[in-house]
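Visitor: pasting the sequence and the predicted coordinates here, then a few questions.
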Amino acid sequence: MIKMAETKENLKKVTKKTIKKTVKKTAKKTTKKVSKKTTKKVSKKATKEVTKIDTPKVEVETEVDVKAKEQAKKEAEKKKKLKTTKVKEGDMVMVDVLGKTIEEDPAKNIIFQASNPVDAQMLLNYDPKKIDQYVPDLAIIGKQGFLTDNVDNVIKEGIKFYEEKTIQLEPIDAFGERVGNKIEKVSAKQFKKDMNEEPRAGATYKNKKGRTGTVLRAAQGRLLVDFNHPLAGRKIEYKIKVVDLIDGFDNQVKALLGRRIPGLDTILNEFKIDHKKSESVLEIELPQMFVYQIAQQQGGLYFKMGASMDIQEHLGVETVKFIEVYTKPPIPEVSHDHEHDHKE
């Protein structure tokens, strides 16, 4: 019985020792594994952070970016120089003009002319879809057909580029006084014949002589049409600022082209200009997309005639030739890289 008890006690000791040894070994192994995994995770995170800090972000500058920067630099230098320069008679320039009426109640002032996108928002007929058309007016100082005489005279008398001038005009010096004998009776039948629409109060009427008026009243087949200018009898204020000088023959040609079609500025650089001075001939190759555009609008002939007259009159060219190039579009490649489902 004593031997049996000793054996049981010894077995108990051995088992306890073995369990202790196994637990210790397992704990050591687990600790080592966890430590290794944690170290690896921390190391990976640290490496990522270091890489993030040490590796600089490289921005690739394209050729377009470089050209844009160069252009912006040139424009800034030009603007700086122009600010100290006076506008001269004969200069081809871009003029920012804001025209409005002067009413007793300033809240009732009418903005009738604006040549930048910000001022244009005050126009009664402002159209956000035509935002690219609200740009400074082209003018050759001292020449008629560009600015109103009063505005042109103020510039001609001497102002610097980017200097703002304000002039106020009495009705007689602006759009004239309202004259009673310019309110005339017109038959509804004649209106329909000339305008191809039904007459109504507020409608614009233009007769065969080119006189334009506003229908004041329409009743019983007779119309009362006011042929006074809509702004006649009102005091006028103009704010003027000359914002650019167009120098260089090619640039002046493009400016005159842009004058004929609003919004053309965005593609003017695509017009190819070839001036044969000895022959006094100017050849202008039109961009293909522009050719299609004016063909659809049916304004191509008027554009070319008007632009030719401007160039001949203001740039001293005898002959203007417009070149239209029609290239054959590439034949699209037919791809055979697809599977067919054939049902039998």
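Guide: Yep, it's here.
Visitor: now do the contacts for the nearest residue to G202 once chain neighbours are set aside.
Guide: Beyond its immediate neighbours in the sequence, the residue positioned closest to G202 (C-beta to C-beta, 6 or more residues apart in numbering) is V215, lying 6.4 Å away. The way it works is simple: take the backbone N, C-alpha and C, and place the C-beta from them, glycine included. Under the criterion of C-beta atoms under 8 Å, 6 or more residues apart in numbering, the contact list for V215 reads F191, P199, R200, A201, G202, A203, T204, Y205, L223, L224, V225.
Visitor: which one of the residues you listed sits closest to D247?
Guide: Distances from D247 to these, taken as C-beta to C-beta, are shortest for T204 (39.6 Å).
Visitor: grab the nearest non-local neighbour of G221.
Guide: Using C-beta to C-beta, 6+ apart and skipping residues adjacent in sequence, the residue nearest G221 is A188, 4.7 Å away.
Visitor: and the one you found, how many neighbours?
Guide: Burial measure for A188: 16 neighbouring residues, criterion other C-beta atoms under 10 Å.
Visitor: hmm, V225 and it touching each other?
Guide: No: A188 is not in contact with V225 according to C-beta atoms under 8 Å; the separation is 11.1 Å.
Visitor: what about T84, neighbour count?
Guide: Each residue near T84 was counted by other C-beta under 10 Å, and the total is 9.
Visitor: report the buried residues of stretch 300-312.
Guide: Neighbour counts using 16 or more other C-beta atoms under 10 Å place G300, F303, K304, G306, A307, S308, D310, I311 of stretch 300-312 among the buried residues.
Visitor: let me see the contact set for the residue nearest to G221.
Guide: For A188, the contacting residues are P199, A218, G221, R222, L223, by C-beta under 8 Å, 6+ apart.
Visitor: hmm, 10 Å instead?
Guide: A188 makes contact with E198, P199, V215, A218, A219, Q220, G221, R222, L223, according to C-beta atoms under 10 Å, 6 or more residues apart in numbering.
Visitor: the residue nearest to E324 when sequence neighbours are not counted sits in which helix or strand?
Guide: What sits nearest to E324 in space, not counting adjacent residues and going by C-beta to C-beta, 6+ apart, is V291, at 5.1 Å. V291 is part of helix 288-297 when elements are defined by DSSP states H and E.
Visitor: in that helix, what counts as buried?
Guide: For helix 288-297, the neighbour count (16+ other C-beta under 10 Å) marks F290, V291, Q293, I294 as buried.
Visitor: pLDDT and distance to I240 added to those residues, as a markdown table?
Guide: What follows is the buried residues of helix 288-297, written out as a markdown table (pLDDT from 0 to 100; distance: C-beta to C-beta, whole Å):
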| residue | pLDDT | distance to I240 |
| --- | --- | --- |
| F290 | 87 | 32 |
| V291 | 85 | 37 |
| Q293 | 79 | 33 |
| I294 | 78 | 32 |
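Visitor: make sure M94 is actually in contact with V135.
Guide: Yes: taking contacts as C-beta atoms under 10 Å, M94 lies within contact range of V135: 7.8 Å.
Visitor: which neighbours do those two have in common?
Guide: Common neighbours of M94 and V135 (criterion: C-beta under 10 Å, 6+ apart): S115, V243.
Visitor: which residues of the chain fall in strands?
Guide: With DSSP state E as the criterion, the chain has strands at 92-102, 111-114, 137-140, 165-169, 183-187, 204-206, 212-219, 222-226, 235-245, 272-276, 281-286, 319-324.
Visitor: overlap in contacts of A188 and V225?
Guide: Common contacts of A188 and V225, defined by C-beta under 10 Å, 6+ apart, comprise P199, V215, A218.
Visitor: quick one: pLDDT of the residue nearest to the last one when sequence neighbours are not counted?
Guide: Setting aside the residues directly before and after it, A218 is nearest to P199 in space (C-beta to C-beta, 6+ apart), at 4.8 Å. Listed pLDDT for P199 reads 90.
Visitor: lowest-pLDDT helix or strand in this structure?
Guide: Across the helices and strands of the chain, mean confidence by mean pLDDT, DSSP states H and E is lowest for helix 2-54: a mean of 51.
Visitor: ok now stretch 140-152, how far from the chain's centre?
Guide: Taking C-alpha atoms, centre = their mean, to the nearest Å, the mean C-alpha location of stretch 140-152 is offset from the chain mean by 26 Å.
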